[in-house]
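Trainee: quick one: sequence and predicted model below, then my questions.
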Amino acid sequence: MTTPSEPLPPMGVALGAVAGAGRPGHSRIAAPLPGGALLDVGSLATAQRGPHPDLLTAPNLDALLAAGRPAWREVWQWLAGWLADPERLAPYRLPAQGLAPVLPFAVADYVDFYACEQHARNAGLIFRPDSEPLAPNWKHLPVGYHGRAGTVRVSGTPVVRPCGQRGPGDHGPTRTLDVEAELGFVLGDPAPGPVGMDTALDHVFGVVLLNDWSARDIQGWETRPLGPHLGKSFATSISAWVTPLDELTGAWTDPPARDPEPLGYLTGDADRGLDLELGVHLAGDRVSTPPARDLYWTAAQLVTHLTSNGAGLRAGDLLGSGTVSGPRREQRGSLLELSWGGAEPIVLSGGATRTYAEDGDEVVLTATAPRADGTRFSLGEVRGRVAPARV
């Protein structure tokens, strides 16, 4: 049963970029403040002799991502100290009006994984009800595909309903526009591959929420045997704000039990999950709360497997976890699962029903994380409103 969306706790330390009429010049790095205000991070670093002002006065996070873990930790510690006393930040606040988030970093490569067993099982049961839901390789390696970096969009960007082939002789707007609630891991500190488990997390700058929009009818027709392709490449939405991995120290958790045990190159102390609770909000209602702690494959394993063939890492690489889903219906992270392929419509609080996203619907993904003291904070949301197809 869905419920109206409720307020979330304040955001933790996060970094992004904004542009607009509020200040002259190019975009600049900012951080969210309580109440919706924004901090001019570069101005603060310059005036207060903060660490790496050359990196923090850049137009986006690209240079910071390339700098590596020691610089990331230094910036996080410094910024966390300042954010603990917001009153001191008044001279460095950006104007409340006239600014808008832009893509916080230039996406180098985008790889979307399929790391949640419950989602993989659900999808298998929906599409192949008379067969084993998991492919034979699924529990042996993190399955993924290379997505399209050029269509990754910042939160708030409208999502135009895509057109494509829906079957033999059938071309037109998708009738089954879906959402996927995912974590996105933002990489930096370029390195040649392979990157082992012992150093994999040194290349993860932070986390965004990611909505891998999907046209299920287009995807189903074209994915025989390769894909997905046009069914997913039209839009991927990410948060405007990247939460540094150091901010998530209270969220680390043990991964689920695995059978069989992963191969040796996918094992090590860095094999830890993140205990984040996601929220999927459709047309003003919260329709599910997927638990990221249930991801079968962890961030370190995704990095290690991605580079195990010798492929290197670039600053700005983005790894999607794949849809996050839990064992209960109210924890499913896609409309495909929530409506069970369209057979069980979602009933919204006002009585309207949905199987897939309709034109005009706004989808918002949220997440909260625990701190070591037991309190929780929010990650940057990702939202997108569906616009009609261009036909």
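Mentor: That came through, no problem.

Trainee: how close does the residue at the greatest distance from the centre of the chain get to residue 230?
Mentor: Most distant residue from the mean C-alpha position of the chain: residue 169, 35.0 Å away (Cα atoms, centre = their mean). Counting by Cβ to Cβ, to the nearest Å, the gap from residue 169 to residue 230 is 17 Å. Backbone N, C-alpha and C define where each C-beta goes, glycine included.

Trainee: now residue 63
Mentor: In terms of Cβ to Cβ, residue 63 sits 34 Å off from residue 230.

Trainee: mind listing the helices in the stretch 201-350 of the chain by residue range?
Mentor: Assigned by DSSP state H, counting those that start in this stretch, the helices in the stretch 201-350 of the chain fall at 216-222, 299-307, 335-338.

Trainee: identify whichever of the ones you listed lies nearest to residue 193.
Mentor: helix 299-307 (3.3 Å; Cβ to Cβ).

Trainee: mean confidence (pLDDT) on stretch 267-281, please.
Mentor: Averaging pLDDT along stretch 267-281 yields 98.

Trainee: can you give me the first-to-last residue distance of it?
Mentor: The first and last residues of stretch 267-281 sit 35 Å apart, counting by Cα to Cα, to the nearest Å.

Trainee: distance from it to the middle of the chain?
Mentor: Per Cα atoms, centre = their mean, to the nearest Å, the displacement of stretch 267-281 from the mean C-alpha position of its chain is 12 Å.

Trainee: do the same with stretch 223-241
Mentor: The answer for stretch 223-241 is 13 Å, by Cα atoms, centre = their mean.

Trainee: and it, average pLDDT?
Mentor: 95.

Trainee: in stretch 120-134, what's buried?
Mentor: Residues of stretch 120-134 classed as buried: 120, 121, 122, 123, 124, 125, 126, 133 (neighbour count, 16 or more other Cβ atoms under 10 Å).

Trainee: from those, which is closest to residue 201?
Mentor: residue 120 (24.0 Å).

Trainee: what's the distance between residue 106 and residue 154?
Mentor: 12 Å.

Trainee: looking at those two, which is more packed in?
Mentor: Neighbours per residue (other Cβ atoms under 10 Å) separate residue 106 from residue 154, with residue 154 holding more: 20 against 14.

Trainee: show the model's pLDDT score for the closest residue in space to that one that isn't next to it in sequence.
Mentor: Nearest residue to residue 154 in three dimensions, chain neighbours excluded: residue 103, at 4.6 Å (Cβ to Cβ, 6 or more residues apart in numbering). Model confidence at residue 103, given as pLDDT, is 98.

Trainee: residues contacting residue 103?
Mentor: 17, 60, 152, 153, 154, 238 (Cβ atoms under 8 Å, 6 or more residues apart in numbering).

Trainee: got it, and residue 27?
Mentor: 17, 18, 19, 59, 60, 102.

Trainee: can you check residue 344 too?
Mentor: Residue 344 neighbours (Cβ under 8 Å, 6+ apart): residue 338.

Trainee: quick one: it and residue 335, what's the gap?
Mentor: 11 Å.

Trainee: buried set for the longest helix seen in the chain?
Mentor: Ranked by residue count, the top helix of the chain under DSSP state H comes out as helix 69-83. Within helix 69-83, the residues scored as buried using 16+ other Cβ under 10 Å are 69, 71, 72, 75, 76, 78, 79, 82, 83.

Trainee: out of everything not next to it in sequence, what's closest to the last one?
Mentor: So the one you mean is residue 83. Closest to residue 83 by Cβ to Cβ, 6+ apart is residue 13, at 6.1 Å.

Trainee: correct me, but the one you found touches residue 245?
Mentor: No - counting by Cβ atoms under 8 Å, residue 13 does not reach residue 245; the two are 11.0 Å apart.

Trainee: make sure residue 369 is actually in contact with residue 375.
Mentor: No - checked against Cβ under 8 Å, the pair residue 369 and residue 375 is beyond contact range at 10.0 Å.

Trainee: before we move on, the earlier item: of the contacts of residue 27, grab the buried ones for ChimeraX.
Mentor: Selection of buried members from those for ChimeraX, criterion 16+ other Cβ under 10 Å:
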select :17,18,19,60,102
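
Trainee: could you dump the contacts of residue 27 into TSV with secondary structure and distance to residue 284 added?
Mentor: Output for the contacts of residue 27, formatted as TSV (DSSP: H, G, I helix; E, B strand; the rest coil; distance: Cβ to Cβ, whole Å):
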residue	secondary structure	distance to residue 284
17	strand	28
18	strand	26
19	strand	29
59	coil	34
60	coil	32
102	strand	26
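
Trainee: and which of the contacts of residue 27 is nearest residue 200?
Mentor: Distances from residue 200 to the contacts of residue 27, taken by Cβ to Cβ, are shortest for residue 60, at 24.2 Å.

Trainee: got the contact list for the nearest residue to that closest one once chain neighbours are set aside?
Mentor: Nearest in space to residue 60, with sequence neighbours left out and distances taken as Cβ to Cβ, 6+ apart, is residue 17 at 4.3 Å. Neighbouring residues of residue 17 by Cβ under 8 Å, 6+ apart: 27-30, 59-61, 101-105, 240.

Trainee: so how far is residue 316 from residue 17?
Mentor: 13 Å.

Trainee: need the overlap of contacts for these two.
Mentor: residue 105.

Trainee: where along the stretch 251-391 of the chain do the strands fall?
Mentor: 252-253, 273-274, 277-282, 285-288, 318-320, 346-347, 353-354, 362-370, 376-378, 382-387 (DSSP state E, counting those that start in this stretch).
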